[in-house]
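Peer 1: how would this look folded up:
(one chain, ligands or ions: 2)
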Amino acid sequence: MTNTNIRIKVPATSANMGPGFDSVGVALGLYLTLEIVGPSASWVIDHELGEGIPHDERNMVIETILRFAPDVAPHHLVMTSDIPTARGLGSSSSAIVAGIAIAEILSGQKWDTATKINMANELEGHPDNIAPAIAGGLVVSVAMDESHVLWTKAILDDVHFIAVVPHRELLTKAARAVLPKELSFTDAVRANGIGNVFVSKLFEGDLAAVGTLMEMDQLHEPFRASLVPELAQVREALKNVDGVYGTYLSGAGPTVMTLVHADHVDAILTNLQALDLDASVIPLDFASDGVIVEGM
Ligand SMILES: Nc1ncnc2c1ncn2[C@@H]1O[C@H](COP(=O)(O)OP(=O)(O)OP(=O)(O)O)[C@@H](O)[C@H]1O
Ligand SMILES: N[C@@H](CCO)C(=O)O
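Peer 2: Numbering: from 1, shown residues only. Ligands and ions are numbered 1, 2, ... in the order given. This is a model prediction of the structure:
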């Protein structure tokens, strides 16, 4: 069997960051890796990610390849991932972004970052995971229409993230089903103000203010709180702990994410482990780079 030695690495992403619902996301140092082994009689993807994830053309990675490069010949792929699925760490976006990267390689086309974000948004529907998975860093974005995303990237210095990842899945579809269809005008104005100042403070680097506003979301956390009791438990445990900026529901949950100062990671980890939740506690680096292709 041939092996092209081409590897695609896509970072995990944490979306929303509190009040940035469907708009703010950050790339983190945890990766989905795809290896292109070589041509094959039919599309096949080896992985040990669980029975629910197909090994053939029904796999999201291959579906994405065929959506954007329908004429490429079938290939054999190998997939490994440190990103847990359906936990609010952007696993589905990582699969889509890997598929676009492979489509680009196998079809010989060249797409710039903005084009790839537009393409991925067509499949994902909201850009807050796919934009940082492609561009890296922290990305603020909005879909102008299905295939046109406006976005801005920023780098955060001296920060770390700590994820409390419950040992259960929560599909985005289920977590979106509990959101209201409408919001009062007064509530929308308030949410808009909080979101605007949150983003401006992110870009200013005022992380104390970012942390405060991070815990004032009005758009999704109040409605999802009952699905993820760990959010309130982590907030309570980390109240007044040195080096903690703020805690939010990562993506659609159930992961609860805390933004911390890089110098205080160990002490905060100890606090979270003492909670003894049915969850993994994982420190994560801010990833300045998005999807990477190695071996070309
Ligand atoms: N590596 C993968 N290959 C193929 N399909 C995947 C892969 N990773 C995730 N998926 C699909 O995506 C689904 C999870 O997507 P979902 O949007 O519910 O959660 P998430 O992307 O992990 O979290 P969030 O969007 O809240 O950050 C899985 O159930 C599976 O169908
Ligand atoms: N912004 C999305 C992220 C998950 O795909 C949500 O919270 O539903």
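
Peer 1: Kindly provide the distance from G20 to D278.
Peer 2: Between G20 and D278 the computed distance is 28 Å (Cβ to Cβ, to the nearest Å). C-beta: built from backbone N, CA, C; applies to glycine.

Peer 1: what about those two, which has more around it?
Peer 2: Using other Cβ atoms under 10 Å, the more surrounded residue of G20 and D278 is G20, with 26 against 8.

Peer 1: That one contacts I194, correct?
Peer 2: No - contact between G20 and I194 fails when scored by Cβ atoms under 8 Å: they sit 9.7 Å apart.

Peer 1: Point out the residues in the protein that sit beside ligand 2.
Peer 2: 15-16, 21-22, 126, 128-129, 172, 175-176, 220, 251-252 (Cβ under 6 Å from any ligand atom).

Peer 1: Only the buried residues of the longest helix anywhere in the chain, if you could.
Peer 2: Counting residues, the longest helix found in the chain (DSSP state H) is helix 185-204. Across helix 185-204, burial judged by 16 or more other Cβ atoms under 10 Å covers A191, I194, G195, V197, F198, V199, K201, L202.

Peer 1: Would you confirm that the first one contacts F185?
Peer 2: No - in this structure, A191 is not within contact of F185 by Cβ under 8 Å, at 10.8 Å.

Peer 1: what packs against the longest strand seen in the chain?
Peer 2: In the chain, assigned by DSSP state E, the strand with the most residues is strand 24-39. Contacts defined by 3 or more Cβ pairs under 8 Å, 6 or more residues apart in numbering; DSSP states H and E place strand 24-39 against strand 6-15, strand 75-81, helix 91-107, helix 130-135, strand 138-145, strand 159-166, helix 185-204, strand 279-285.

Peer 1: what comes up buried for it?
Peer 2: With burial defined by 16+ other Cβ under 10 Å, the residues of strand 24-39 counted as buried are 24-37.

Peer 1: before we move on, what about stretch 40-60?
Peer 2: Quick answer for stretch 40-60 (16+ other Cβ under 10 Å): W43, V44, I45, H47, L49, I53, H55, N59, M60.

Peer 1: now, which of the residues you listed lie within helices?
Peer 2: Counted as lying in helices by DSSP H, out of these, are M60.

Peer 1: Now the residue in the stretch 101-250 of the chain that ligand 2 sits nearest to: closest residue in space, sequence neighbours ignored.
Peer 2: Closest residue of the stretch 101-250 of the chain to ligand 2, Cβ to the nearest ligand atom: T172 (4.3 Å). The shortest distance from T172 to any non-neighbouring residue, by Cβ to Cβ, 6 or more residues apart in numbering, is to A252 (4.2 Å).
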